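Peer 1: coords please:
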Amino acid sequence: MKLSVIIPAYNERSTIEAVVRRVQGVNLGPIEKEIIVVDDGSRDGTIEVLKVLSGIRHILHERNAGKGAALTTGFQAATGDIVLIQDADLEYHPEDYRTVIQPIVDGACDAVIGSRFLLYKPKFFGKRRSPYLTHYIGNKLIVDVTNLLYGQHFTDYEGCYKAFTRTILASTPVEAKGFEFDNELVCKLMRKGARIAEVPIHYTPRTYAHGKKINWKHGVIILWTIVKWRFLPMRAR
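Peer 2: The predicted model follows:
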């Protein structure tokens, strides 16, 4: 069995090498691993770092097209039986890969969602408080709306780690080009009746000063994406 790790990157020069090294250091036993980094038109020298890294495939977008566009490119290039999304920053822990892919390896599901909230309860006071109350409120709204519209009970849809069989990805076209890509994909899978599992993942949030990019405007687009794909006809591939 083979795992394809897809890393969309945009202006992540300060972290991309560390992320790749951490991904390379994960031992998955007999499961082969390929790492595909899609540079989405970075202007900070990210691609120069990628060019000297060994053991990866890197793909360049000449212009910034959005995280979803980078993921689409990575998915199309993937050759693994399982495809996993990895952000190009240090918020998430590749050591969680075994936990994330195990339900698919066991044949129990077609897709896995990693939840930050199964392990952590956000705190907004004290030294170890979560950095953004507004992000938590936005996440809670996204979770509640998605669960209500699609009849689910998951706890987190915005965590980075999601894994899929390459077969289910190939049969589920996604139109989104931005941060809402994951939501469109998951919503379409739920409408199709795909088998989806949720597992706990670790999370170390970064601030805007350290490169965080998603904001409230993206949240509005994500909510609209969730609502519209509950009712729009889905194109088959």
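
Peer 1: contact partners for the residue nearest the centre of the chain?
Peer 2: Nearest to the geometric centre of the chain sits Cys160, at 3.6 Å (Cα atoms, centre = their mean). When contacts are counted by Cβ atoms under 8 Å, 6 or more residues apart in numbering, Cys160 touches Ile85, Gln86, Asp87, Glu91, Tyr92, Gly114, Ile201. C-betas here are computed from N, CA, C, even on glycine.

Peer 1: can you tell me which two in those residues are farthest apart?
Peer 2: Greatest spatial distance in these: Ile85 and Glu91, 12.5 Å, computed using Cβ to Cβ.

Peer 1: out of these two, which sits in the more crowded spot?
Peer 2: Neighbours of Ile85 and Glu91, each counted by other Cβ atoms under 10 Å, are more numerous for Ile85; the result is 24 against 19.

Peer 1: give me the phi and psi for the residue nearest to the more buried one when sequence neighbours are not counted.
Peer 2: Closest residue to Ile85 apart from its sequence neighbours, by Cβ to Cβ, 6 or more residues apart in numbering: Lys162 at 5.2 Å. Here is the backbone geometry of Lys162 (degrees, to the nearest 10): phi -140, psi 140.

Peer 1: got it, and the one 3 residues further on?
Peer 2: Its backbone dihedrals place Thr165 at phi -70, psi 150, with angles given as degrees, to the nearest 10.

Peer 1: now do the same contact list for the closest residue to it other than its chain neighbours.
Peer 2: Nearest non-adjacent residue to Thr165, counting by Cβ to Cβ, 6+ apart: Asp110, 5.4 Å away. Asp110 is in contact with Ile104, Phe164, Thr165, Thr167, Ile168, Leu189, Ala194, Arg195, Ile196, counting by Cβ under 8 Å, 6+ apart.

Peer 1: cutoff 7 Å now
Peer 2: Applying Cβ atoms under 7 Å, 6 or more residues apart in numbering to Asp110 gives the contacts Phe164, Thr165, Ile168, Ala194, Arg195, Ile196.

Peer 1: buried only: go through the residues you listed for me.
Peer 2: Phe164, Thr165, Ile168, Ala194, Ile196 (16 or more other Cβ atoms under 10 Å).

Peer 1: quick check: the farthest pair among the residues you listed?
Peer 2: Among the buried ones among the contacts of Asp110, Thr165 and Ile196 lie farthest apart (Cβ to Cβ), at 11.4 Å.

Peer 1: need the pLDDT of the residue nearest to Ile85.
Peer 2: What the model reports for Lys162 is a pLDDT of 98.

Peer 1: so what's the residue count around Leu118?
Peer 2: Neighbour count of Leu118, defined by other Cβ under 10 Å: 15.

Peer 1: tell me the pLDDT of the residue lying closest to Ile214 once chain neighbours are set aside.
Peer 2: Closest residue to Ile214 apart from its sequence neighbours, by Cβ to Cβ, 6+ apart: Phe179 at 5.5 Å. According to the prediction, Phe179 has pLDDT 93.

Peer 1: my read: Phe179 touches Lys67, true?
Peer 2: Yes: Phe179 lies in contact with Lys67 (Cβ atoms under 7 Å); the separation is 5.5 Å.

Peer 1: residue contacts, Leu223?
Peer 2: Applying Cβ under 7 Å, 6+ apart, we find Leu223 in contact with Ile142, Val145.

Peer 1: doesn't it belong to a strand?
Peer 2: No: the assignment for Leu223 (DSSP: H, G, I helix; E, B strand; the rest coil) gives helix, which keeps it out of a strand.
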